[in-house]
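**Q** just need the structure, nothing else, for what follows:
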Amino acid sequence: MKHIPNILSALRILCSLLLLVVQPLSAIFFGLYFVCGASDVLDGYIARKTNSTSPLGASIDSVADVVFIAALLAVFLPILQLSLWVICWIAAVALVRLGSLLVGYVKYHALSFLHTYANKATGLALFSFPLLYSIFGLTTASIVTCGLATCSAIEELMINIKSKELLRDDAGWMFRK
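**A** Sure, this is the predicted structure:
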């Protein structure tokens, strides 16, 4: 039972890679997309409920998140015809995230992906992007998603800079007592 969360994260990596080879926005695409989202929610939930959380599991989960986001960018960037300012914003967020990882690696000698509430909200926005896009349009969906991503990336960088130890399950600054 304790390996199920890691298996779910590995499944998300596999399904994310499969998103790259199926027809975008097809039934198979959305089936894989749904499996990615469900596995992201379930892996952490099951790990906490079965008391099987681990640094390795947290790292696998974070790698799965990165692979999923990278796959979505690879699929959607050519289709959506984003404005240059949105592409630059995405690149800036990626640079802040890479900076945070670098700071964390130098300080803690480990991958320092954090599971803050802001990161979870960003993940939800990224997962919901196709729905946000269809309801509100590309500009609004981009602003909401990139805005959340910016806030969570800066928060993660600041936590990595200021923390004395790596706390992967840091709730974030707004939720500290």
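**Q** domains of the protein?
**A** 1-64, 82-177 (automatic domain parsing).
**Q** any chance of TSV for the ones you listed, columns mean pLDDT and distance to L73?
**A** No exception for glycine: its C-beta is placed from N, CA and C like everyone else's. Shown next, in TSV, are the domains of the chain (pLDDT from 0 to 100; distance: least, CB to CB, whole Å):
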stretch	mean pLDDT	distance to L73
domain 1-64	91	11
domain 82-177	90	7
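**Q** okay if I get those domains as CSV plus mean neighbour count?
**A** Listed next are the domains of the chain as CSV, based on neighbours: other CB atoms under 10 Å:
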stretch, mean neighbour count
domain 1-64, 17
domain 82-177, 16
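**Q** now for those, which one comes closest to A74?
**A** Among these, domain 1-64 comes nearest to A74, with 6.0 Å by CB to CB.
**Q** mind checking how far the closest one is from the chain centre?
**A** Relative to its chain's centre, domain 1-64 lies at 11 Å (CA atoms, centre = their mean, to the nearest Å).
**Q** repeat that for stretch 143-150.
**A** Distance, centroid of stretch 143-150 to centroid of chain: 12 Å (CA atoms, centre = their mean).
**Q** for stretch 161-172, same thing?
**A** For stretch 161-172, the distance to the chain centre is 17 Å (CA atoms, centre = their mean).
**Q** and the end-to-end length of it?
**A** With CA to CA, to the nearest Å as the measure, stretch 161-172 spans 13 Å from end to end.
**Q** with stretch 46-62 instead?
**A** End-to-end distance for stretch 46-62, by CA to CA: 16 Å.
**Q** quick revisit: can you put the domains of the chain in a markdown table and add distance to A74?
**A** Formatted as a markdown table, those follow (distance: least, CB to CB, whole Å):
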| stretch | distance to A74 |
| --- | --- |
| domain 1-64 | 6 |
| domain 82-177 | 12 |
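**Q** which one of those domains lies nearest to A71?
**A** Among the domains of the chain, domain 1-64 sits nearest to A71 (CB to CB), with 4.3 Å.
**Q** what are the phi and psi values at I87?
**A** phi -60, psi -40 (degrees, to the nearest 10).
**Q** contact partners for it?
**A** Counting by CB atoms under 8 Å, 6 or more residues apart in numbering, I87 makes contact with L77.
**Q** ok, G172 next?
**A** Residues in contact with G172 (CB under 8 Å, 6+ apart) are T116, Y117, A118, N119, E155, I159.
**Q** now the helices for this protein?
**A** For the chain, the helices defined by DSSP state H occupy 4-19, 27-49, 55-80, 84-108, 117-136, 138-162.
**Q** nearest to F175, of the ones you listed?
**A** helix 117-136 (6.0 Å).
**Q** ok and the closest one relative to helix 84-108, angle-wise?
**A** On the basis of axes from the mean of the first three to the mean of the last three CA atoms, to 10 degrees, helix 117-136 is oriented at 160 degrees to helix 84-108.
**Q** alright, calling it a day.
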